[in-house]
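Engineer: my questions concern the predicted model and sequence given below.
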Amino acid sequence: MAHSNWLAGETPPITVNKGDHHLLPGSMCPIRVKANSPLGCLVLIRLHLEAETGFPDLDWHCSRVEVCRLADRQAEEGGEGGTAPEDPEVQVFLCDRWRKFLDGAPQCVDLNSMSELGPNLNYTHQSKSNNLHFLRGFVGRVEAWSFTELDTIFAHSGHQNKIARFVKTHWMEDWYFGYQCLNGCNPLLVRQTRILPPNLSITSDMIHPFLPEGSSLEQELQKGTVYLLNYEILDGVPANMVNGEQTYLCAPLCLLHLNQQGQLLPIAIQLQQTPGPQNPVFLPSDGCDWLLAKIWVHSADFQCHQLSSHYLRTHMLGEMCCVATLRQLPEIHPLHQLLMPHVRTSLQINIQARGSLLATNGVFDKAIGSGLEALPVVISQASKRICYRALCVPDDLIDRGVDKLPQCYYAQDALRSGTYCTGDKLCVCVCIRFVVNWVNLYYIGDDDVQQDSELQHWITDINTHGFRQDAGLPQSLQTKAELSKFVTMIIFSCSALHAAVNFSQVPLCHYTEAIFREDAHRQLVGEVQAELKALSDNITERNSKLELPYAYLCPEHIENSIAI
């Protein structure tokens, strides 16, 4: 049935599936609605899907409703109708309520199951990577894996490719260890340092053999060629019991040097934060002990990657922004329309994660070294260290000193899809240009931003229920530039960053639902899609010349939102 609610009146229900008119997947169906009395301005179109006896309960969505010569204010739901956003008596929906999941971390939606989300916030898309039927047969295995067995699994799961073979050949080499710090699944941790941490017990003489001839550690620090991995958030974290056996965690400090060939090489590893006789420093000259020390660093990096870089900085951030958007920005608000395609899927995937992956007897409980007991500790420690500049990709890359490294392809590609600041000059790239143009459609001047009460309530909600108050997030939005930067940060975190720390699902700026009605909107979407296509071609050409391509931030591989 279709209903139309008006300020001055209401049309009677109309049955769509009648005669030759049927709504089917991919179809369009014109409907004539007759009014029996004056209606006034159109504010709401109500769609209701009725179950038919003998037919399965179908889950479908209407992508677009067009009304001739009238502004469309669309709301959909599977029940008996909807309520206009401005109705003062509207009930507080479950998906609009906050819940504290972990102390000291951004809050989440107050829901326990996907069925509570409703049809508009559920999605049914599954990628091929979710087809894990073959791998499920190995879930109960407790024995160590051999490389031959891993080759077999990769072959059956479609991962036996050029990159897998390359990694198998080079994983023990120091240069590849450094490459992974820059372009692997966790490129967010390595940073330039000009002062050694006081708890890293090394001397210049220890490091001298691994530096350029005639140079010293002090000189290299001054030149800016020394980098650091610091896993301090794992210090004191309790280790998990896996298959009845105690596992172990370390909180390493790893020093790296940028050589004259542009390679980032590890030169010293200390596995715990507190120096002492039982906590030696391992060097590249230590043979098998050096290889084992690098493996321990990778183990620590895995814990930080999964909980901080991946879950906290993309999943939790996306859900936080989604809930705030649902609470404060009505569907007709331009930023609701812009943001929801990038954040709405975070609700479902995070509810699934809390109910399985991060639950008792889930993967983290049964198989991961940090485990459920460590989960709140690590997330809380990581949240304390997050600041707004770290969330904004150009600021983060510059602050960490990786923005100009010749072999940091993550930085190169991220800066082309985000923004790059040089002094007071803003070099606008694809994502920010799209957001700036979108903001300019609706906000003529900075006064318009300041006077948008819904927008100000939105940023207040994010600050109240998100990261700590001294994290540097804007407490209010005063200018179009501030708004554009903040919105770009959200879109990048939920699309490109998630692709970099996870993998791709849905192409970036691929808006499957026709949420943009006007020609100006569609023109902006068309322009940004064309720019992303050109950027994809450029990255593909560069990768064709690399022995190990970096394709995670190629736009055609970037998901539009967090869906896994």
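Structural biologist: Perfect, thanks for sending it.
Engineer: when you work out contacts or count neighbours from here on, use the C-alpha atoms and nothing else.
Structural biologist: Will do.
Engineer: next secondary structure element downstream of the strand or helix carrying Thr460?
Structural biologist: Secondary structure assignment for Thr460, by DSSP states H and E: helix 453-465. Sequence order places helix 480-494 as the next helix or strand after helix 453-465, per DSSP H and E.
Engineer: for the record, mean pLDDT for that following helix?
Structural biologist: Per-residue pLDDT over helix 480-494 has a mean of 95.
Engineer: ok, and what's touching it?
Structural biologist: 313-315, 317-318, 321, 339, 342-343, 391-393, 418, 431-432, 435-436, 439-440, 443, 445-446, 449, 477, 560-562 (C-alpha atoms under 8 Å, 6 or more residues apart in numbering).
Engineer: can I have the buried ones of those as a ChimeraX selection?
Structural biologist: In ChimeraX syntax, the buried subset of those is picked out as below (16 or more other C-alpha atoms under 10 Å):
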select :313,314,315,317,318,321,339,342,343,391,392,393,418,431,432,435,436,439,449,477,560,561,562
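Engineer: coming back round to it: packing partners of the helix holding Thr460?
Structural biologist: Judged by 3 or more C-alpha pairs under 8 Å, 6 or more residues apart in numbering; DSSP states H and E, the packing partners of helix 453-465 are helix 317-328.
Engineer: what's next to the helix it packs on, contact-wise?
Structural biologist: Against helix 317-328 from outside (C-alpha under 8 Å, 6+ apart): 95-98, 106-109, 336, 340, 343-344, 346-347, 350, 454-455, 457-458, 461-462, 465-466, 490, 493-494, 562.
Engineer: before we move on, what about stretch 435-448?
Structural biologist: With C-alpha under 8 Å, 6+ apart, stretch 435-448 has contacts from 334, 449, 478-481, 484, 487-488, 521, 524.
Engineer: now find how far off-centre that stretch is within its chain.
Structural biologist: Computed by C-alpha atoms, centre = their mean, to the nearest Å, the chain-centroid distance of stretch 435-448 equals 25 Å.
Engineer: got the contact list for His208?
Structural biologist: His208 neighbours (C-alpha under 8 Å, 6+ apart): 215-217.
Engineer: pLDDT of stretch 545-564, averaged?
Structural biologist: pLDDT averaged over stretch 545-564 gives 73.
Engineer: what about Met241, neighbour count?
Structural biologist: 17 (other C-alpha atoms under 10 Å).
Engineer: Provide the count of other residues in contact range of the closest residue to it other than its chain neighbours.
Structural biologist: Excluding its sequence neighbours, the residue lying closest to Met241 (C-alpha to C-alpha, 6 or more residues apart in numbering) is Thr247, at 5.8 Å. Neighbour count for Thr247, taken as other C-alpha under 10 Å: 16.
Engineer: quick revisit: now, which of the contacts of His208 sits nearest Arg354?
Structural biologist: Arg354 has its nearest neighbour among the contacts of His208 in Leu217, at 45.9 Å by C-alpha to C-alpha.
Engineer: for Thr203, see how far away the closest one is.
Structural biologist: From Leu217 across to Thr203, the span is 8 Å (C-alpha to C-alpha, to the nearest Å).
Engineer: ok, these two, which is more surrounded?
Structural biologist: Neighbour count, other C-alpha under 10 Å: between Leu217 and Thr203, Leu217 has more, with 21 against 10.
Engineer: residue contacts, the residue lying closest to the more buried one once chain neighbours are set aside?
Structural biologist: Nearest residue to Leu217, sequence neighbours excluded (C-alpha to C-alpha, 6+ apart): Ser204, at 5.4 Å. Applying C-alpha under 8 Å, 6+ apart, one finds that Ser204 lies in contact with 216-218.
Engineer: quick check, nearest of these to Leu182?
Structural biologist: When the contacts of Ser204 are compared against Leu182 (criterion: C-alpha to C-alpha), the nearest one is Leu217, at 21.7 Å.
Engineer: could you verify my assumption that that closest one touches Phe210?
Structural biologist: No - using C-alpha atoms under 8 Å, Leu217 makes no contact with Phe210, being 9.6 Å away.
Engineer: can you list phi and psi of Ile386 for me?
Structural biologist: Backbone torsions of Ile386, given as degrees, to the nearest 10, read phi -80, psi 140.
Engineer: hang on, it packs against Ala471?
Structural biologist: Yes - counting by C-alpha under 8 Å, Ile386 does reach Ala471; the two are 6.4 Å apart.
Engineer: could the contacts of stretch 435-448 go into CSV alongside distance to Ile539?
Structural biologist: Shown next, in CSV, are the contacts of stretch 435-448 (distance: C-alpha to C-alpha, whole Å):
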residue, distance to Ile539
Pro334, 32
Val449, 36
Gln478, 36
Thr479, 33
Lys480, 31
Ala481, 28
Ser484, 25
Val487, 25
Thr488, 21
His521, 27
Leu524, 22
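Engineer: quick one on the thing from earlier: what's the closest of the contacts of Ser204 to Ile195?
Structural biologist: Glu218 (8.9 Å).
Engineer: quick one: low-confidence parts of the stretch 101-250 of the chain?
Structural biologist: For the stretch 101-250 of the chain, the stretches flagged by pLDDT under 70 are 119, 123-141, 151, 153-161.
Engineer: mind doing that once more with 50?
Structural biologist: Scanning the stretch 101-250 of the chain with the threshold set as pLDDT under 50 gives 126-135.
Engineer: check the chain for its longest helix and report it.
Structural biologist: For the chain, the longest helix by residue count, based on DSSP state H, is helix 519-543.
Engineer: show me what it is packed up against.
Structural biologist: Against helix 519-543 (3+ C-alpha pairs under 8 Å, 6+ apart) you get helix 430-442.
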